[in-house]
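Student: Provided below are the primary sequence and the corresponding predicted coordinates.
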Amino acid sequence: MDLEIQTQNVTLQPEWRSLIEQRIARLENRYPELMRVHVTLKHGEHHQQGFEEASIVASAAGTSLRAGKQKEDMGAALHAALDAIERELDTHHDRRRHFVKAPGPRVQGTIRRLFAKRGYGFIAIDGGKEVYFHRNALHELDFASLRTGLPVEIEIEEGERGPQASCVFPAGERSSI
């Protein structure tokens, strides 16, 4: 999991870094689908008395979650933002866990394009459409062994930018997850 901490008009204090790293490590253990977290700590000088703002963007399987809080004290803003992102992750995790897909045939396709260094690619399906997939969606497949033209079966879900493969399987090998 990738963690990035950025500051604007404020110096990162060791206790803030420690708090962020501890809380994010705990969240990473609870939510294995968590891939990246970006924390921004900002002091807003344009307000008469100023304010402290903590913003968090967390990328998890299938979504990006955001939380931001403003308080008079950075510690309070950071605690509030971390609590808020944890609630967002709880909600996202519960939705994914309780989502039941109807049984039926998977969509057939072939690997069209691969971006190996970035860990994603596109699968061609009927009608000339392409569906995005990430290496985390692979089941019974190794990303390093993929090649263009490889036949696969996919399960599709709606992503932020359109349809994406939630699961990618070798063609013709039906198994339970």
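Tutor: In hand now; what should we look at?
Student: pull the residues that contact stretch 76-88.
Tutor: 16, 19-20, 23, 27, 37, 39, 41, 52-56, 58, 65-71 (Cβ atoms under 8 Å, 6 or more residues apart in numbering). Bear in mind the C-beta positions are built from the backbone N, C-alpha and C, glycine included.
Student: show me these that map onto helices.
Tutor: Trp16, Leu19, Ile20, Arg23, Leu27 (DSSP state H).
Student: got a quick PyMOL command for the buried subset of these?
Tutor: Typed into PyMOL, the line below selects the buried ones among the ones in helices among the contacts of stretch 76-88, using 16 or more other Cβ atoms under 10 Å:
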select buried, resi 16+20+23+27
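Student: pLDDT below threshold where in the chain?
Tutor: The chain contains residues with pLDDT under 70 at 45-50, 96-104, 173-177.
Student: for it, what spans make up the helices?
Tutor: Remark: helices assigned in the chain by DSSP H are 14-30, 74-98.
Student: for Glu155, find the nearest of these.
Tutor: Smallest distance to Glu155 across the helices of the chain (Cβ to Cβ): 13.0 Å, for helix 74-98.
Student: kind regards, and thank you for your time.
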